[in-house]
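Colleague: Next come a sequence and a model predicted from it.
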Amino acid sequence: MAADLMLNLHQGRSFELLLVEDNPEELRAAQEIFAQTNLPIRVRTAGVEETLDVLRQEGTFCDTPRPDLILLELSLRTGSAIELLTQIKLDHELQAIPVAILGPPSEEAIDTSFESDADLYIVKPLDAQQLVMSVNWAQGL
Amino acid sequence: MVASTMPSRDHLARIASNRGCPGIFMFTLSKKLIWADRRAWELCRRLTKERKAANNIPETIKDVHAKLLPLLKDNKGAKNPDDLFVRKMVEGPGISLLVCGFGLPDPGNSARSRILILLEQIGGRGEAAAQQAQEIFGLTRREVEVVQHLLKGWSNKAIAHELKVSEQTIKEHLQRIMTKTTSTSRTGVLARVLFL
């Protein structure tokens, strides 16, 4: 790792990360980062449509564990990330799950994300340091 | 100011844990913000809104970044992590922030080195800090009250109004507080009180 950031994962339990991304190229790039870092985390991916079902453990996702962190792409092709974020943060059972927005380096985008109750903002492209920071943050540093 | 006369990272971590969660930013060496948490952004927004600044990143953060930059660029001073530490305070109407910058060097590729900025609002712990200062620096009860308001970021005028005395009286209190704490400025007083 470039920066000397330590991961403090709870022993005996993997860190669950949900990546909400509907662009295949971006998805592939993110998965490469996950592989590079070799972090002991379990990554699931979901599109806009299924994210709430995954989080609410509905239907075929009834056995899917709730994530410890959601990485949410701001510029989704098939829906609004901000609307999805709002739905998550309005749901009493889901609102405690940290959400990190993946977006551009624009103050307006950062403002919009935090005003919509995002917990973190990561300026794209995602790199290993940002990922480790986010995982550590989600675990209370 | 750089590390040698500053508290160690462990000391800083203890202080932070006593005060609650700080806001966090991560920057590249080229000053590009690449990671932020909501608390850091909101603290800056409160500060910059008051100042009607066009950019949400206060100059103080840029200053801290600028001081860490040469240390990281040449990768000197990285032997002791505490050498890659800078802190400053920034005050605005109704808000005071402690800004702590940490250099995260990448010995293999300095372009991948990072600067971590922790922001903490001062004031939550003000009463306890001011009481401690009373014992250590021998402040009077009135001087402690002045320090408590300073920790909230209040101006002399606001303190004078609150304590129902003249602004001149507050200036005199401040002068005595500076003498007792061997400081030469308001910020110096706060730094002395907060880093007892």
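Modeller: Received it, and whenever you're ready, just let me know what you need.
Colleague: So B:L84 sits against B:K73, correct?
Modeller: No. Taking contacts as Cβ atoms under 8 Å, B:L84 lies outside contact range of B:K73: 11.6 Å. Glycine gets a C-beta too; all of them are placed from N, C-alpha and C.
Colleague: Low-confidence bits of chain B, can you list those?
Modeller: Applying pLDDT under 70 to chain B picks out residues B:1-21, B:49-54, B:74-82, B:123-128, B:153, B:195-196.
Colleague: Over to chain A?
Modeller: Looking at chain A by pLDDT under 70, you get A:1-12, A:141.
Colleague: give me that answer again for 80
Modeller: A:1-13, A:38-39, A:140-141 (pLDDT under 80).
Colleague: Enumerate the residues of it near chain B.
Modeller: A:2-5, A:105, A:107, A:110-111, A:114, A:117-123, A:127, A:129-130, A:133-134, A:137 (Cβ under 8 Å from any Cβ of the partner chain).
Colleague: Nearest residue to B:W35 in space, please, no chain neighbours.
Modeller: B:M26 (3.8 Å; Cβ to Cβ, 6 or more residues apart in numbering or on different chains).
Colleague: again with B:V64
Modeller: B:G101 (3.8 Å).
Colleague: separation between that neighbour and B:T187?
Modeller: 16 Å (Cβ to Cβ, to the nearest Å).
Colleague: Show me which of the two is the more surrounded one.
Modeller: Applying other Cβ atoms under 10 Å in any protein chain shown to B:G101 and B:T187 shows that B:G101 carries more neighbours, namely 24 against 15.
Colleague: how far is the helix or strand where that one lies from where the chain is centred?
Modeller: Using DSSP states H and E, B:G101 sits within strand B:95-104. Offset of strand B:95-104 from its chain centre (Cα atoms, centre = their mean, to the nearest Å): 6 Å.
Colleague: ok, back up a step: just the buried members of the residues of chain A next to chain B?
Modeller: Neighbour-count burial (16 or more other Cβ atoms under 10 Å in any protein chain shown) is assigned, among the residues of chain A next to chain B, to A:2-3, A:5, A:110, A:114, A:118-123, A:127, A:129-130, A:133-134, A:137.
Colleague: Among these, which lie within strands?
Modeller: A:120-123 (DSSP state E).
Colleague: give me every residue that touches A:Q87.
Modeller: Listed by Cβ atoms under 8 Å, 6 or more residues apart in numbering or on different chains, the contact set of A:Q87 reads A:L52.
Colleague: and what of A:S80?
Modeller: Contacts of A:S80 (Cβ under 8 Å, 6+ apart): A:V48.
Colleague: What's the local residue count around the residue nearest to B:F137 when sequence neighbours are not counted?
Modeller: The shortest distance from B:F137 to any non-neighbouring residue, by Cβ to Cβ, 6+ apart, is to B:K180 (4.5 Å). By other Cβ under 10 Å, 17 other residues sit near B:K180.
Colleague: Okay, B:K180 and B:I115: tell me how far apart.
Modeller: Distance from B:K180 to B:I115, counting by Cβ to Cβ: 35 Å.
Colleague: Chain A: strands as residue ranges?
Modeller: Counting by DSSP E, the strands of chain A are A:15-20, A:41-46, A:69-73, A:99-103, A:120-123.
Colleague: should've said chain B
Modeller: Assigned by DSSP E, the strands in chain B fall at B:23-28, B:33-37, B:85-92, B:95-104, B:114-122.
Colleague: Pick out the residue closest to the middle of chain A.
Modeller: A:L71 (1.5 Å; Cα atoms, centre = their mean).
Colleague: How about the contacts made by the residue nearest to it when sequence neighbours are not counted?
Modeller: Computed as Cβ to Cβ, 6+ apart, the closest residue to A:L71 that is not its neighbour in sequence is A:L19, at 4.8 Å. Counting by Cβ under 8 Å, 6+ apart, A:L19 touches A:27, A:30, A:43-46, A:70-71.
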